[in-house]
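# model the structure of this input:
(chains A and B)
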Amino acid sequence: MSLAASILAFRRDGRILKLPPYLSALCILVGVVWLLVLPLNEYSRNTYVSENALLPGQVHTYFTGSEHNIFRAYRHEVAALVDKPLDERTRRLGDILRSSGLKVSTQKYEYSSSGRIISGQNVYAILQGPRADATEAIVLVGAWTNMDGEVNHSGVALVLTLARYFKRWSLWSKDIIFLISGDSTTGPQAWVDAYHDSHSPASIEPLSIKSGALQGAIAIDYPAGPWGHRFDKLHIVYDGVNGQLPNLDLFNTAVSIASGQMGIGCTLQRMWKHDDSYQERLQTMLRGMINQGLGHASGPHSSFIPYHVDAITLQTVGDGWHDEMSLGRTVESLFRSLNNLLEHLHQSFFFYLLMQANRFVSIGTYLPSAMLIAVNFTITSIALWVQSGRARKEPTPASTDRKISEKSDMTVVKMDSMVAIVPEPIIAIVERKLFLPLAFVSSAHFLGLLPLYIFNNAPQGALEACFYLTGLLTISLPYLAAFTLSFFRRPSTQETTLIQCFSLLLLGMFLSALATLNFSLSFLVGLFAAPLTFVRPIMPARRSNEKVVGLNLVNPIVVIMIATRYWGADVVNVLVQAAEGWHVWGMWTQVVVWLVWWPAWFAGAVVVAGTLFSNDATETKEA
Amino acid sequence: MNSLQTVLFFAIALIALTSGEHTSNWAVLVSTSRFWFNYRHLANVLSLYRTVKRLGIPDSQIILMLPDDMACNPRNAFPGTVYNNADRALDLYGDNIEVDYRGYEVTVENFIRLLTDRVGEDMPRSKRLLTDDRSNILVYMTGHGGNEFLKFQDAEEISAFDLADAFEQMWEKKRYHEMLFMIDTCQANTMYSKFYSPNILATGSSEIDQSSYSHHADNDVGVAVIDRYTYYNLDFLETQVREPSSKLTMGDLFDSYDEEKIHSHPGVRYDLFSGGEAGARSRLVMDFFGNVQNVEVEGGFAGNETTWQEELQAIERMIDEAKRRHNESMVPLSQHPIENTERLVRKSVLKKEGAAKVNVDSSWGKQIVGAVALLGCLGVWAAGSWLEAQD
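Predicted structure coming up:
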């Protein structure tokens, strides 16, 4: 009995109640430090190919000699098509593929987003494996234009040459699909959607010929013009839409073949120079996390990944001595490896952070980082819940606290034969008034639908105005809300605490769930929302203004604005891309921003802004 | 009288001569892995198959188990062929391949049924191991293994104990005279560590915690084509054992193993063999890899018949013994056949109760566990509500 009583008494111990903010701070600190130590040798691992069937680089490649002449000829053919109308280009590309003895088909697509029409045509050809059973296929993609909008001269020519060359081999166990997509993002998306019958038939043409289940896709981005260009390294792009990644085995196979068999260096995340130092590893990892967190399509391969088709883009960079034939042989060897596959790539990791072409951390190692940050919100939320049920007001300065407890009435508690005298507030049970906090938090989350809708549907011209208007509203809305509520002498201190409690509870839940799907997005949002843990409606409204200003620095709109300024991007362009992501790629980042981050920030800001208006009234009343 | 003695003497001498000999050679060649990247395991087996055929074992006495068809795999750049060397000089699949067990027929069950001849009536004779106590058997296995197991196909494995028991059953059923067990997998030597039946000579490619490695890859086929241990065994058999009259011994074969080349430590187990190490090493390679045409002379038959009859008597005695023991166990019931039946009934009832009691006991135990769990829940609930009340 006495033990239980002392444990119960411990619940009331002031030290325990003071702990949560420190615990939350510790969680955030450990979460960030955790991420920072990952690039160290002790916490990251060398990559390895775990799928036995792949056998990377174990075959001689024969894509040389006369194939080079054919490649050069095709490159001129491609160059001649650059200024031709779309239909003629499609027809001509189809003719070239058909002349290699392949089945050819085309696909027209049209999307509208931000008031613009994105349309184009895909040409693709299917090489039926001579002895294959047509249940599986691998895809070679050459987008007509690359992510920077340059015409992919050599890339498309290489796809055409390889199509002709692969046709002569009899050893394909899977069909091979050669896809020349209209552009790097919408074209492949339209094609892969239609391949899986999940396209909207009104604007996207269905595919007239298909093959088996897609097992992998390789995209070539080699925009060298008709006279060629020797490159230095291969830049392997692997981020998919929504931060989904291809199986690490595919990446490893590409690195192993390119660097091991062909002697071509590999880079990733635009780290053109990488000396394997801690800073460079960290930088690579952070760039990867930002790409993953933004969840945008990073190349023609990105659209394949949501369909569980592992895909990467090989991009040529720099000036060096590797020519198109080296790239062709790399692709040949890569296709021989994929051809060896017996089942879908599944052995290696789908969740990883790469810090160099041959060094990574897997989800088990890095996940705690984002989880700790998400947990900090939950801890604070629980602490706030406990606090809201207590009669005593938030004891801020130690001196007033003592005064209150001295003044308060004492009461006698009897239990069995024991008698104790305790201050009344300690045992008083306070009813929690839940209506206002619940209504407020849920309406804040529903309010997020508004910007989500506006940004996804506003025409391009109006986007900038919308953005700044939303920014202005976001900054002023907490004051307006607090001011309006103060008319009704609301919210009371308890209600304010509960608003924050529910808002943080939801944030913690969303972020910990998100961490398992898109680690980077969860981590970044968690980091920007971290100050929300520490805002309190402290009674004497001291330095509230500074707090509101500080809080506004981590306002989603302001963060987006500063980030675009920092990377020299155009806000409108970012918003257009985001809307395109929403309508074309099925990107979910905006949902997280507007329905998770923004409401949490809004609730936090109202809590702080509330101290400017309502609290004076309540204080005078109570005093 | 004298002449009779001489005849007897010759007969006995003949028996002595023939008893150490075998009259047929069989080979069981098993690859246990499928999939294209395990090309080399099928090449291993097919290489052995070709060698034992060359040395005289006919197809009817070779059981070949191939779980996959590399020759017709679409990934094969040279359709219809299997090579064990990058020079591609010799097509192992070329002509006259008789695969007895193929594809998903290659299972642990089928393998053990084959060894112990526990097969259905409709099993064709070509798929049976029709050996007797005068047969020498070569068992060659290759695949992916580990400590005391060998993986079969993708989902099952045979353990060293299974294999040892199967061989013991073979011995009991007089299904072999002498056996050479040869295995090429990772940690191969663990596979024969559990054998306990006589006259088995066993050798494997690698010790415990050691991998066996492939010898080389063919860069046009795109896969490794043969394993090291098998490669050097074949090297010996092909270059040294040129014709069936070869007098090279198993000792010569084992001495040819070079750990530098094989990249693992091959092992040999002599202790089960009659004559021990010396006896095993003096056996001819041809005793296992080739076919001999030793014939049993009629004299041997008499000896066989006596042992056969002796054994019949022994079995009879065993049956009698078993019967007697069975009767003894019935004693409490049968000893008082004239006592009142009530008691008997009661006894049997009691006995039943005894048997039932175990059930009751165990169910009581379960009930107690359940009750404790319930009480625990109750306690938690009570504690919870008490804590609630404390507020």
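
# got the contact list for residue 143?
You didn't say which chain, so I picked chain A. The contact partners of A:A143, taken as CB atoms under 8 Å, 6 or more residues apart in numbering or on different chains, are A:152, A:155, A:180-184, A:187-188, A:219, A:221, A:300. Backbone N, C-alpha and C define where each C-beta goes, glycine included.

# you answered for a different chain; I wanted chain B.
Neighbouring residues of B:G143 by CB under 8 Å, 6+ apart: B:30-33, B:38, B:41, B:150-152, B:185.

# next, format the residues you listed as CSV and append distance to B:V106 and secondary structure.
Listed next are the contacts of B:G143 as CSV, based on distance: CB to CB, whole Å; DSSP: H, G, I helix; E, B strand; the rest coil:
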residue, distance to B:V106, secondary structure
B:V30, 7, strand
B:S31, 8, strand
B:T32, 7, coil
B:S33, 9, coil
B:N38, 12, helix
B:H41, 11, helix
B:L150, 12, strand
B:K151, 11, strand
B:F152, 7, strand
B:T185, 15, coil
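
# which of the residues you listed ranks first by neighbour count?
When the contacts of B:G143 are compared by neighbour count (other CB atoms under 10 Å in any protein chain shown), B:H41 ends up highest, at 30 neighbours.

# can you list the domain ranges for the chain.
Went with chain A since none was named. Per the record, chain A has its domains at A:14-38+A:369-390+A:430-622, A:52-357, A:399-429, by automatic domain parsing.

# hmm, no, I was thinking of chain B.
Per the record, chain B has its domains at B:22-295, B:300-329, B:334-390, by automatic domain parsing.

# show me the one of those that comes nearest A:S492.
domain B:334-390 (25.5 Å; CB to CB).

# so where do the helices sit in the stretch 351-500 of chain A?
A:363-388, A:398-407, A:424-427, A:435-447, A:449-457, A:460-487, A:493-517 (DSSP state H, counting those that start in this stretch).

# the residue of the stretch 151-300 of chain A found nearest chain B and A:S337, how far apart?
In the stretch 151-300 of chain A, the residue found nearest to chain B is A:S173; the distance is 4.1 Å by CB to the nearest CB. A:S173 sits 12 Å away from A:S337, going by CB to CB, to the nearest Å.

# comparing the two, which shows the higher neighbour count?
Using other CB under 10 Å, the more surrounded residue of A:S173 and A:S337 is A:S337, with 26 against 21.

# tell me what the helix or strand in which the more buried one is found is packed against?
Secondary structure assignment for A:S337, by DSSP states H and E: helix A:324-340. In this structure, helix A:324-340 packs against helix A:66-81, strand A:136-143, helix A:153-167, strand A:213-221, strand A:231-237, helix A:248-255, strand A:311-322, with contacts taken as 3 or more CB pairs under 8 Å, 6 or more residues apart in numbering or on different chains; DSSP states H and E.

# using PDB, write out every CA atom in it.
Extracted in PDB, the C-alpha atoms of helix A:324-340 (Å, rounded to 0.1, in the frame of the first residue of the first chain):
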ATOM      1  CA  GLU A 324      28.600   6.700 -76.300                       C
ATOM      2  CA  MET A 325      29.700   3.100 -76.900                       C
ATOM      3  CA  SER A 326      30.900   2.800 -73.300                       C
ATOM      4  CA  LEU A 327      27.500   3.900 -72.200                       C
ATOM      5  CA  GLY A 328      25.900   1.500 -74.700                       C
ATOM      6  CA  ARG A 329      28.000  -1.400 -73.300                       C
ATOM      7  CA  THR A 330      27.000  -0.400 -69.700                       C
ATOM      8  CA  VAL A 331      23.400  -0.600 -70.700                       C
ATOM      9  CA  GLU A 332      24.000  -3.800 -72.500                       C
ATOM     10  CA  SER A 333      25.600  -5.400 -69.400                       C
ATOM     11  CA  LEU A 334      22.900  -4.000 -67.200                       C
ATOM     12  CA  PHE A 335      20.300  -5.500 -69.400                       C
ATOM     13  CA  ARG A 336      22.100  -8.900 -69.300                       C
ATOM     14  CA  SER A 337      22.000  -8.700 -65.500                       C
ATOM     15  CA  LEU A 338      18.300  -7.800 -65.400                       C
ATOM     16  CA  ASN A 339      17.700 -10.600 -67.900                       C
ATOM     17  CA  ASN A 340      19.200 -13.000 -65.400                       C
END
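
# chain A: which of the contacts of B:G143 is nearest?
When the contacts of B:G143 are ranked by distance to chain A (CB to the nearest CB), B:N38 comes first, at 8.5 Å.

# report the contact partners of that closest one.
B:31, B:68, B:143-144.

# helices - which of those land there?
Judged by DSSP state H, the subset of these located in helices is empty.

# which of the residues you listed sits closest to chain A?
B:H144 (9.5 Å).

# spatially central residue in chain B, please.
A centroid search over chain B (CA atoms, centre = their mean) returns B:L163, at 3.9 Å, as the residue closest to the centre.

# right, and that residue touches B:M191 too?
Yes - assessed by CB atoms under 8 Å, B:L163 is found in contact with B:M191 at 6.5 Å.

# ok, back up a step: which one of the contacts of B:N38 is nearest B:R175?
Relative to B:R175, and with distances defined as CB to CB, the nearest of those is B:S31, at 22.4 Å.

# hang on, the earlier thing: most tightly surrounded among the domains of chain B?
Ranked by mean neighbour count under mean count of other CB atoms under 10 Å in any protein chain shown, these are led by domain B:22-295, which reaches a mean of 19.

# kind regards, and thank you for your time.
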